[in-house]
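Student: Fold the following and give me the result.
(chains A and B)
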Amino acid sequence: MKIQNLSREEVLKSLVSSEQGLSEENARRRLQEYGLNEIKEVRKRPLYLKFLSQFTHFLAILLWIASALSLLSEYLHPGEGMLTLGIAIIAVIFINAIFTFIQEYRAEKALKALKRLLPFYVQVLRDGKEIEIHAIEVVPGDIIMLSEGDKIPADSRLIETVELKVNNAPLTGESELMLRNHEPFQGEFIESPNIVFAGTTVVSGSGKAIAFATGMTTEFGRIAHLTSAVEAGLSPLQREIVKATRLVATIAAVVGIFFFSLGFVIGRSFWDNFIFAIGITVALIPEGMLPTMTLSLAMGSQRMARRKALMKTLTSVETLGAVTVICTDKTGTLTQNKMAVTKIWSNNTIIDVQDLRKENVFELFKIVYLCNNTRVIDGQYKGDPTEVALLKVARETIGDFSADRIKEIPFDSERKRMTTINIIPPSPLYQRGARGDLLPLEKEGKGGLYAFTKGATEGLFPLCSHVLLNGGKVPLDESLRRNTIEAYHSLMDMGLRVLSFAYKEIGEMHDMRSEIETGMVFVGLIGLEDPPRPEVPEAIRKCSGAGIKVIMITGDGSRTAVAIAREIGLVIGTPVVIEGHEFDQMSDEELRGKLSGEKVIFARMTPKHKMRVVSILKEEGEIVAVTGDGVNDAPALKKADIGIAMGISGTDVAKEASDMILLDDNFATIVNAVEEGRTVYENIKKFITYIFASNIPEAVPYLTYILFRIPLPLTVIQILAVDLGTDMLPALALGAERPTPGVMNQPPRKLQERLLNFPLIVRSYLFLGPIESIACMFGFFYILYHGGWIWGTMLPPHDILYLQATTACLTAIIITQVGNVFACRSSRESILSIGLFSNKLIFGGILVEILLQLFIVYHPIGNKIFGTAPLSLNVWLILIPFSIGLLGAEELRKFYVRRKIMNHG
Amino acid sequence: MPCAVSIEHMYKKILAAVNEFTNSEIAARYAIALAKSCQARLSLIFVAENGIDMNTLRHAESALERLFVDAHSQGIEVESITENGDPFQEILAMVKKDHTDIVFVATRREDVTKRFFVKTLARDFMVRLPCSVAMVRVVRMGKTHPKNILVPFKGRMTNLEERAYFVAKLAQIFDSTVTLFHSPRPITSFFHGEIQLKPAQREKHIPKDVEEFMKYLDRYKIIHEKRIGHGSIARSITIEAAQKRNDLIIMGASERSLFRSIMSGNPVENVLRETPSNLIILRPHSVIDAQRNIKTIK
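Tutor: Numbering: from 1, shown residues only, chains lettered A, B, ... in the order given. From the prediction side, this is the model:
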């Protein structure tokens, strides 16, 4: 027998408890067995281990080896500057580790937010006495005393109730009052009215419940478990970074080992080969890539924040750009969540709200008035938006109306209706003995006890035996039934949320709701509109152009959902519509098939369904963004590639579990953020091209050194000056490029598409890099030959001619990188068409780059650190044409690429 | 050996160890259910250690009494035994004397907090008893009647017949459905990192033993489904159980050595710690036989 099926005695027996509650000793023992009643994080890799792992991946290991070799060579050949190099390489490892860790770091606070929903103290029965204990000390078998305002500490079975109503919003996401009872229930555990759940609140009434699950084994704990354990996995960018760094590190290692061996074959000394191996490794590794990427993502998140999308993790900035599916709520996200009555069906006619006449809707609005929990305080309406909208229109049409309420059967999501029982006073018209148009219901104004019900038509209409037509009660025949259903459907097809209204005269007070809610008189239908946000249709059109599938998930009925979807342009033909009850019955395979449809709408859904939708979409290789605001949205928000919480209506738990918070709850903001995300990815490719291009002029000097027996044209420290110094700000400026016009007119990038793809490597390594290499070798030999150097002569490391020559080599790289930064601003478009001055940060970056180089070349400290010597102005002037030449060559390449694309349509 | 016995009569004698803690009483309820399902004889035993206080004794004996009444009222041939001495030695003696087929024991707090069950009573039971052992971790007192049982499946399953019998008999008595769950090891490559497989691709990694297992379940008319997870094995099992609200997980005892557990973790131990539902770890009899045979050959 399941806990909800059992009688009071059986519950006590099953949980080995008694009417007096547990004894203190027994409770202590159980606390020892079952642990504290608290929400705990599932065991995860500690933060320090995550940080340490940044020092042990393949690239880091390669750098550790390079630094160890440098330190070893300092020991063997002191004074050659290898100590500085060893330390510099270790600094590179730390810089990369810190920046990668910053990218991946995410404060996990969702569980803290969940914990806040549990109570601190509770009243329990122990040894027959009512005592107050810390909620964390509640154990299975404890009898908990519940009264109005209490938060429930553990999943418990009710054994006594007095009009107990709870609010299950933290679990169900629906803020509605649920009447609970203590009778055995034969249905599902989760729907059982004799079960109360941890984290929910007693709104009114009182009761006694016996705890059967505590801590992480409660339903609340289940959400915590999923929120904490579910991981979205590596973001597309993180996966790409892993691949790119492994590829680059492998190339560096292979090239290093190959030329190290070649050096031996051609008779170079071990020491020469040693310097070469370290140099080529450092040259081919883009040390500045990860810091630049992190800073660029941070800048992207700043731009998104200005567009009302708050990013919580840096890599999510780029993930947004890769999103292929957005699963979005309807109410409040696609629509304004401003309910307004627009259509009324009464007396067999659909009436516009502007055309209302009091006499046509008096009976209907009386029910609206009485069967309503909205309060009007100082002219302000307080209550559920739907009820507020109903009351507003009723007050405006028929004025104020009052009748004592003696009972309420609250709304719940299963029954989908609420009923009040009121004493209707005799009508003034009746008292005057007159009979006019204003007949108060059927007793011609005599007053009495009435039940008023409003709710979903599917549930309420079958309970009606009559319909009120022109003030008279008419038995419901087939034709009236058909008319009502047709009116219901046509209101829903207008995208309206439709409520039905009925009443019944009851002779005396009944306790049995089944007797009250039967044989009712159907009075009419009211259609409420929640208008779409004005920006949404354009955002939906953008999604469509950008190849992003939008799936609507709503609690509304399917007709209303489809009508709204049509209104905002989400649906043109016939969509795949799945309702909550069908969803529960579907296997994963069936659901997978349905989700492959072009347009999919989920209707009558609850938040608990979302995680399954997200999981299946992710299994199909989609990059999924999902919106959510409730506590039980948290697991789906965590599971999705991008969990989006609502900034205004969202709970703290949803916000903490998400990757992005919409400050305005607006769907259009998601689409803006996607555009920004795509731009970030494009820009990352731009600065990677820029950074990788400079690796070739860093590597070529080493190859010439080992192959042609010349002095080393560029030292390792000078390479690091470029990679971690002068290159950084121009690269960052490339990260701030504006979106290209067609960024939202192309499909999301394929997951198979590599960050380091073939065209990018060819462009940077085989086109831009070689031009820079020519410049740097030219600068090196220009100085040497003008200083009287003869081929084959080796120069001591501190010879001024040698220092000047390496400085010229370094300066040539810096100068050509200035031309390169302009070249990398686009892959196809001419620099003139995108606007030379459209990204002002580029000029800032170049200015800092040149100032740094001036410091390196002309300041004694710069000279000392980087092994440089001042150059004359003419060296700079001779090198500038290489930069212009590079830009010109790129313009020519772009011209041919554009022409090729045009020729191929 | 159980394999040699007709599957219909695999468990004829069941023993449930009871102590002063309620979770042992709940664990014994699973033993009662299995005994009823297999029409087996049930022995309920409490071993009072030397120096036990009266309170503890009272708690344990009243639990024993409740269980006895419960089992008896269900028509099970049941006996209740109280012994003095070392719990393991007494139960070992009882198992040998009675030729018990399976012993139910409940985990204690220390089994969950200590790594690799080192020096715990549970480890003694799991490793040294010459019969099958079902170690039960009770985390939800009120959910002992499972609606759905999750059975995680590893690559190669030993003692398939006994495992299937155990699951089928419990599912039968509780009228539960069974989900066979397999979480294949993630596929990785040097340059691509973890490779994400689509469900259809992962389907190919479902061990063939699952089909065999399903045949046994069919024999007992148990409704079943198979599901595939991915990612860390233990984490995917607990997520599946939490997401699908499984009331009971039945998984095989770990066959990993202590060294391997230290090096690459122990999924069974991790599930034991983080399970969101009640958990039975089953160690079929012939596993220990097989281990002993290996030692003898060496």
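Student: ok and the residue in chain A nearest chain B?
Tutor: In chain A, the residue that lies nearest chain B is A:Phe212 (2.6 Å; Cβ to the nearest Cβ). Using the backbone N, CA and C atoms, a C-beta is placed for each residue, glycine as well.
Student: For that residue, give me its contacts.
Tutor: A:Ile3, A:Leu15, A:Pro140, A:Gly141, A:Ala154, A:Asp155, A:Ser156, A:Arg157, B:Arg140, B:Met141, B:Gly142, B:Lys143 (Cβ atoms under 8 Å, 6 or more residues apart in numbering or on different chains).
Student: Mind checking which of the residues you listed are in strands?
Tutor: A:Asp155, A:Ser156, A:Arg157 (DSSP state E).
Student: tell me the phi and psi of residue 86?
Tutor: No chain in the question, so chain A it is. phi -60, psi -50 (degrees, to the nearest 10).
Student: could you do chain B instead?
Tutor: phi -80, psi 120.
Student: Can you give me the neighbour number for it?
Tutor: Residues near B:Asp86, counting by other Cβ atoms under 10 Å in any protein chain shown, number 15.
Student: same deal with A:Leu234?
Tutor: 17.
Student: What of the one 10 residues further on?
Tutor: If you count neighbours by other Cβ under 10 Å, A:Ala244 ends up with 22.
Student: Low-confidence stretches in the stretch 151-298 of chain B?
Tutor: B:255-264, B:286-298 (pLDDT under 70).
Student: Can you tell me which residues in it are near chain A?
Tutor: Neighbours of chain A within the stretch 151-298 of chain B, by Cβ under 8 Å from any Cβ of the partner chain: B:190-194, B:196, B:198-199, B:225, B:227, B:231, B:235, B:238-239, B:242-243, B:245, B:270, B:273-274, B:276-277.
Student: of all the ones in strands among the contacts of A:Phe212, which comes closest to A:Leu873?
Tutor: In terms of Cβ to Cβ, no member of the ones in strands among the contacts of A:Phe212 lies closer to A:Leu873 than A:Asp155, at 80.6 Å.
Student: Is the closest one in contact with B:Lys143, as I believe?
Tutor: No - if you go by Cβ atoms under 8 Å, A:Asp155 and B:Lys143 don't touch, sitting 9.4 Å apart.
Student: Quick check: buried residues in the one helix or strand A:Leu784 maps to?
Tutor: Assessed by DSSP states H and E, A:Leu784 sits inside helix A:769-786. Of the residues in helix A:769-786, A:769, A:771-784 count as buried by neighbour count, 16 or more other Cβ atoms under 10 Å in any protein chain shown.
Student: in the stretch 1-150 of chain B, which spans are strands?
Tutor: B:13-17, B:41-48, B:78-84, B:102-106, B:132-137, B:148-153 (DSSP state E, counting those that start in this stretch).
Student: let me redo that: the stretch 151-298 of chain B
Tutor: Along the stretch 151-298 of chain B, counting by DSSP E, counting those that start in this stretch, strands occupy B:177-182, B:187-189, B:193-195, B:224-228, B:248-252, B:278-283.
Student: So in that sheet, which strands flank the first one, and in what orientation?
Tutor: Pairing partners of strand B:177-182, with direction, according to DSSP bridges: strand B:148-153 (parallel), strand B:224-228 (parallel).
Student: Please produce a markdown table containing those, extended by mean neighbour count.
Tutor: Below are the strands paired with strand B:177-182 laid out as a markdown table (neighbours: other Cβ atoms under 10 Å in any protein chain shown):
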| stretch | mean neighbour count |
| --- | --- |
| strand B:148-153 | 24 |
| strand B:224-228 | 18 |
